[in-house]
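> Mind looking at a prediction? Sequence and model below.
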Amino acid sequence: MNKRLVLILAIAMMLASAVGCSNNDAGPATSASNSPSDSTPPSGAVSPSNSAPTSDTASPSPSPSPSPSPAPSSSNNGPVSATVSLADSSDYYIGTMVGAQVKAAFESAGAQVDVLDAATQISTQVQQIQNAVAKGTNIIYVFPVGDAEAYLDPLVAARQAGVKVIVSNYDPGEGAYDVYVGSEEFYMGAMQAAMVSKWIDDNLPGATQVKALILEAHSNETMAHRCLGMRLISEKFLRLCDIKNMNFVKLPGNPVTYIDANGQEQSVDEPTGGLIFDDYGHAILNPFYDPRVTLIENSNRVSTGVTATEAQAALESAVTNGNSDIQVIMACGDVGISMSDKVLEMCNAHTLANSPDKMAVFCSDATDNNVAAIKSSADSNTSVLRGVIAAGDLIATVCDYAKRMAQGESVQDYVMEPLSYEMADANGDINTVYYTDIHQLSPDISEFFGE
């Protein structure tokens, strides 16, 4: 019995030894949980190496963040090369407020920056853009001189060459940029009309006729939009815009009626060709019209509104032609301080009929100097610059986008900044009024320009 038990135990030990040898020959066993190359996660699982940890409750998000795009890459794998192309670097707004800050934004992203000055010449700027692309710039910001369409082909070519393009202020057209930042200039001009009317309300009570010298610039279609918006102050009805002649269309037409402020139907007593109609076929009253204002024209409508010496000469010419009683100056560009100085000079010389407290200058751009002058206009002996029109945070947006694009981030491709005007109260405190806070033009902007 004992011999049989020993024999059974011996056979069992021999079989166990054979199985062990077989496993050792196959190599060591490997756990699936420790071998990502050999394991396949179950359907719906998230790989921790590619995704952030998740929780049962998702964080709310109003909109998805834009996915980053590859950063503009230098051909020699060095720093990104950026170009700042300016219409006129000697202009304070363009050169200092915009150009210098965009340059700093690129540099903060680690880019090497070249600044180019077109000195107000479109052909020069176009050539500079083409040269920058040929030299291998990776990203370019353009503040055009004017005539935005002249930039379409060279900027399209730049993008086809792989250059990222940012443009502000003047829209060169579809396909010319990765990012455009601007504002609707027609409404911007309307904001200046609103400022003039408010100033008259507050400072010339009882006035029935106020002469306003309008200083315009027609170097490009965008600026023409602004000037036409300013001209709304003298138009009773809303009309189609004539860009070429920078005026409103007034042609013979069929009899037309409108609904007055009392809800009564009245006949239009001026040429009806060019009128914009409401859904019922009535002419539309212009909410920016001020019957107290008479516009005084200047023969130079190309650059007077943006050139200080020409603007001052225009005032002298208007006075020589019998308009010494001008009380308001409306300028489309940043010539407000120069015109304020000229007005004070002419008031002191008694060339202008009215005293400084009955005079007002309005212009564009909320620069630090302009805002300071507006504040001091509460003391009319030191400034008669009463207000400026402004386009939101255009500079801040351009700078932010320049930095982010240089870092390879995706940004919104078309941004229209909110419009406002800034005026001072009797204490010299600045009040900002947004376009959404005042009269609204009922037709879409495209209706004014027949688009």
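Nice, thanks for sending it over. Numbers count the residues shown, from 1 in each chain.

> what's the spacing between the residue at minimal distance from the centre of the chain and Pro443?
Closest to where the C-alpha atoms of the chain average out (CA atoms, centre = their mean) is Gly182, at 2.2 Å. For Gly182, the distance to Pro443 under the criterion CB to CB, to the nearest Å works out to 20 Å. In short, each C-beta sits where N, CA and C put it, glycine included.

> ok, Ala150 - contacts?
With contact set as CB atoms under 8 Å, 6 or more residues apart in numbering, Ala150 has these partners: Ile122, Val126, Pro144, Pro172.

> show me where pLDDT drops low in the chain?
Low-confidence regions of the chain, defined here as pLDDT under 70, cover residues 1-77, 451.

> Not counting its neighbours along the chain, what's nearest Gly418?
No, residue 418 isn't Gly; it's Pro. Counting by CB to CB, 6 or more residues apart in numbering, Gly392 is the residue found nearest to Pro418 once chain neighbours are left out, at 4.3 Å.

> What's the local residue count around that neighbour?
18 (other CB atoms under 10 Å).

> Please apply the same query to the one 4 residues further on.
If you count neighbours by other CB under 10 Å, Ala396 ends up with 13.

> Just to be sure, it is in a strand?
No. Under DSSP: H, G, I helix; E, B strand; the rest coil, Ala396 falls outside any strand and is assigned helix.

> Look up how far Glu216 lies from it.
For Ala396 relative to Glu216 (CB to CB), the value is 28 Å.

> and the protein, what are its domains?
Following the assignment in automatic domain parsing, the chain carries domains at 81-177, 185-235+286-390+418-448.

> ends of the last one, how far apart?
Start-to-end span of domain 185-235+286-390+418-448 (CA to CA, to the nearest Å) is 12 Å.

> And the contacts of Ala150, which is closest to Met330?
Of all these, Met330 sits closest to Pro144, with 23.9 Å by CB to CB.

> mind listing the helices for this protein?
2-25, 101-108, 122-134, 152-160, 185-203, 221-231, 308-320, 336-348, 368-376, 394-406, 445-448 (DSSP state H).

> could I get those as TSV with distance to Val167?
What follows is the helices of the chain, written out as TSV (distance: least, CB to CB, whole Å):
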stretch	distance to Val167
helix 2-25	72
helix 101-108	12
helix 122-134	11
helix 152-160	7
helix 185-203	15
helix 221-231	11
helix 308-320	26
helix 336-348	26
helix 368-376	24
helix 394-406	9
helix 445-448	19
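
> out of those, deepest packed?
Mean neighbours per residue, mean count of other CB atoms under 10 Å, is largest over those for helix 221-231, with a mean of 24.

> Give me the packing partners of that helix, helices and strands only.
Contact analysis of helix 221-231 by 3 or more CB pairs under 8 Å, 6 or more residues apart in numbering; DSSP states H and E lists helix 185-203, strand 210-215, strand 247-248 as its packing neighbours.

> Kindly reformat these as TSV containing distance to Gly263.
What follows is the helices and strands packed on helix 221-231, written out as TSV (distance: least, CB to CB, whole Å):
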stretch	distance to Gly263
helix 185-203	23
strand 210-215	29
strand 247-248	26
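
> closest one to Glu107 among these?
By CB to CB (comparing all of the helices and strands packed on helix 221-231), the closest turns out to be helix 185-203, at 30.3 Å.

> just the angle between the closest one and strand 210-215, please?
Relative orientation of helix 185-203 and strand 210-215, computed by axes from the mean of the first three to the mean of the last three CA atoms, to 10 degrees: 150 degrees.

> picking that back up, for Ala207, state which of the contacts of Ala150 is nearest.
Checking these against Ala207 by CB to CB gives Pro144 as the nearest, at 39.8 Å.

> For the closest one, give its distance to Asn131.
The value you get for Pro144 to Asn131, if CB to CB is used, is 16 Å.

> Next: Tyr93.
With the distance defined as CB to CB, Tyr93 ends up 25 Å from Asn131.

> Val302 now?
When CB to CB is the yardstick, Val302 and Asn131 sit 28 Å from each other.

> what do you get for Ala111?
Plainly put, Ala111 is 18 Å away from Asn131 if you go by CB to CB.

> and what of Gly182?
Relative to Asn131, Gly182 is positioned 25 Å away (criterion: CB to CB).

> doesn't Thr304 make contact with Ala314?
Yes. Counting by CB atoms under 8 Å, a contact exists between Ala314 and Thr304, whose distance comes to 5.1 Å.

> joint contacts of these two?
Residues touching both Ala314 and Thr304 (CB under 8 Å, 6+ apart): Leu215, Asn298.

> so what's Asp400 closest to, chain neighbours aside?
Distance criterion CB to CB, 6+ apart; nearest residue to Asp400, sequence neighbours excluded, is Ala105 at 7.2 Å.

> Report the contact partners of that neighbour.
When contacts are taken as CB under 8 Å, 6+ apart, Ala105 is in contact with Val398, Cys399, Asp400, Ala402, Lys403, Ala406.

> one more time with 10 Å
For Ala105, the contacting residues are 82, 84, 111, 113, 141, 395-396, 398-406, by CB atoms under 10 Å, 6 or more residues apart in numbering.

> what's the answer for Asp242, then?
Asp242 makes contact with Ala224, Leu228, Phe248, Val249, Lys250, Gly274, Phe449, Gly450 under the criterion CB under 10 Å, 6+ apart.

> Is it possible to get CSV of the residues you listed that adds distance to Pro205?
What follows is those, written out as CSV (distance: CB to CB, whole Å):
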residue, distance to Pro205
Ala224, 34
Leu228, 29
Phe248, 30
Val249, 35
Lys250, 32
Gly274, 34
Phe449, 37
Gly450, 40
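
> so how many other residues sit close to Pro287?
15.

> what's the neighbour count on the residue nearest to it when sequence neighbours are not counted?
Computed as CB to CB, 6+ apart, the closest residue to Pro287 that is not its neighbour in sequence is His439, at 3.5 Å. The burial count assigned to His439 is 16, neighbours taken as other CB under 10 Å.
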